[in-house]
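1. return atomic coordinates for the entry below.
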Amino acid sequence: MYKNLRIIFCLLAVICAAVTVFIFIYFGWWGFVPLGAGCAFAALMFVCKNEQVKQERKNNPPPPEGDFITGKVKKD
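-> Below you'll find the predicted structure:
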């Protein structure tokens, strides 16, 4: 679900960015409307990305790793 939302929000953000240029040229300050919408869609895209990563890590956690202080992880 989050993957589909990411794609949709990405497309909407790109469309708003493309439209912003023409609206600034022909209508002046009204160009801030699609610019703000594009920023909002980009933010929603990143929120969906973070939620997708959380869900994937919850369903399939990464294997434990050691570090230079604790050494290798012992297998149970």
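2. buried stuff in the longest helix along the chain?
-> Counting residues, the longest helix in the chain under DSSP state H turns out to be helix 32-59. Buried positions in helix 32-59, judged by neighbour count with 16 or more other Cβ atoms under 10 Å: Pro34, Leu35, Ala37, Gly38, Phe41, Ala42, Leu44, Met45, Cys48, Lys49. (C-beta placed from N, C-alpha, C; glycine too.)
3. tell me the centre residue of this structure?
-> Centroid-nearest residue in the chain, with Cα atoms, centre = their mean: Phe46, separated by 2.0 Å.
4. now that residue: how far from Lys3?
-> Distance from Phe46 to Lys3, counting by Cβ to Cβ, to the nearest Å: 14 Å.
5. before we move on, what about Ala40?
-> 20 Å.
6. do the same with Ala43
-> Remark: distance between Ala43 and Lys3 (Cβ to Cβ) = 17 Å.
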